[in-house]
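[1] take this sequence and fold it.
(one chain, ligands or ions: 1)
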Amino acid sequence: MARRVTKAVLPVAGLGTRVLPGAKTTPKNLLNVVDRPILSYIVEEARAAGIEHFVFIVGRGQGAIEDYFDSIPEIEQALQAKGKLDILEDVRRDLPEPGQMSFIRQMAPLGLGHAVWCARHVVGDEPFAVMLPDMLMAATPPALSQAVAAYEQVGGNIVVVEPAPEGEAHKYGIVALDGQDGRLNRMVGMVEKPPPGTEPSNLFISGRYILQPDIFEILETQERGAGGEIQLTDGMANLMKTQAFHALEYEGTTYDCGDKIGLLRANVAFALARPDLADAARKAIAELL
Ligand code: G1P
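    Down below sits the predicted model:
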């Protein structure tokens with residue numbers, strides 16, 4: 001049986017260029033969707049999939065992420081004293097058990113492949129998940145749980161994919177499949193940001209992966225690829241020479257929160273999906289329209 005996946009690597013060091021100036025002093029993955037930071041949803045998704053250790057790959061100026069996942073006694077005591085126990089519970093919901101989170105400095109913005117490589121000592125010699133926190137996924141079961149279920153079925157390496165919007169495939173990592181039968185298919189190739197017109201399919205890598213630790217050795221010497229960055233996609237393509245990769249077309253909706261309109265859509269969709277807010281949200285949106 002495949003070894004259980006209990007660690008997730010979350011690369012959060014990006015500058016958040018598309019959501020500046022909001023992301024200038026607040027790490028972009030701490031921007032809110034309704035009333036919680038994006039990372040709150042990502043960590044919840046990971047926990048639901050059985051993740052017990054979170055490895056954040058951070059950059060300078062992102063200490064607020066560590067603070068968010070730490071308890072702040074002043075806030076908790078004040079809420080307790082005022083009897084605001086529902087808010088207290090909500091504030092505590094995201095807290096890990098001590099020791100469940102690691103924070104690693106990437107030190108230089110060399111690309112996603114480099115960010116994942118930075119996690120090698122903490123992950124060690126076991127399969128692990130990678131979650132791109134910009135990509136907020138609304139799904140039942142949650143996206144990473146779908147990936148873990150696929151992994152338990154076929155083992156090896158799993159890459160979650162979805163159809164790219166018309167004309168946008170060149171902005172992403174794109175997979176090539178060995179035929180298509182259902183949602184889980186063996187991959188025969190992948191390419192990062194293919195020039196328009198050369199895409200091997202319209203399925204893009206949307207931000208959840210299950211990888212074998214052998215990727216680390218490959219990333220160590222991986223040359224720079226698209227955009228002059230060390231690309232995870234190139235590392236995976238190399239690993240595919242010796243290991244199986246399957247693409248899972250997951251069931252759900254992805255919101256790219258690293259983008260202004262994506263973040264707006266996530267806010268609207270998640271508010272409408274909240275039983276306590278749906279009516280008020282619908283009314284507010286209708287008024288605006
Ligand atoms: C990264 C990955 C790419 C993936 C994309 C999803 O690209 O390299 O394969 O499709 O995330 O958002 P980036 O968005 O960092 O350019």
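
[2] hey, let's count contacts and neighbours off CA atoms from now on
    Fine.

[3] now do the strands in the protein.
    For the chain, the strands defined by DSSP state E occupy 7-11, 32-33, 36-37, 53-58, 101-105, 128-131, 135-138, 157-163, 173-177, 184-192, 203-211, 245-249, 253-256.

[4] name the surrounding residues that touch the fourth one.
    Just to be clear, that refers to strand 53-58. 6-13, 100-106, 115-116, 118-119, 122 (C-alpha atoms under 8 Å, 6 or more residues apart in numbering).

[5] could you rerun that using 10 Å?
    For strand 53-58, the external contacting residues (C-alpha atoms under 10 Å, 6 or more residues apart in numbering) are 5-14, 27, 43, 46-47, 65-66, 96-97, 99-107, 112, 114-119, 122-123, 128-130.

[6] swap in the second one?
    Residues from elsewhere that reach strand 32-33, judged by C-alpha under 10 Å, 6+ apart: 38-41, 136, 257, 263-271.

[7] run through the residues of the protein sitting next to the ligand.
    Neighbours of the ligand within the chain, by C-alpha under 6 Å from any ligand atom: Tyr172, Gly173, Glu192, Phe204, Ile205, Ser206, Gly207, Thr233.

[8] among these, which one has the most neighbours?
    Using other C-alpha atoms under 10 Å as the neighbour criterion, Phe204 leads the residues of the chain next to the ligand with 29 neighbours.

[9] residue of this protein nearest the ligand, please.
    Per C-alpha to the nearest ligand atom, Gly173 is where the chain lies closest to the ligand, at 3.3 Å.

[10] let me see the contact set for that residue.
    161, 190-194, 199, 202-207, 226, 231-234.

[11] just checking, what packs against the least confident helix or strand in the chain by mean pLDDT?
    Least confident helix or strand, the chain: helix 85-92 with a mean of 91, by mean pLDDT, DSSP states H and E. On a contact count with 3 or more C-alpha pairs under 10 Å, 6 or more residues apart in numbering; DSSP states H and E, helix 85-92 meets helix 73-81.

[12] mean confidence for stretch 273-280?
    Mean pLDDT, computed over stretch 273-280, is 96.

[13] for it, which positions count as buried?
    Neighbour counts over stretch 273-280 (16 or more other C-alpha atoms under 10 Å) mark Ala278 as buried.
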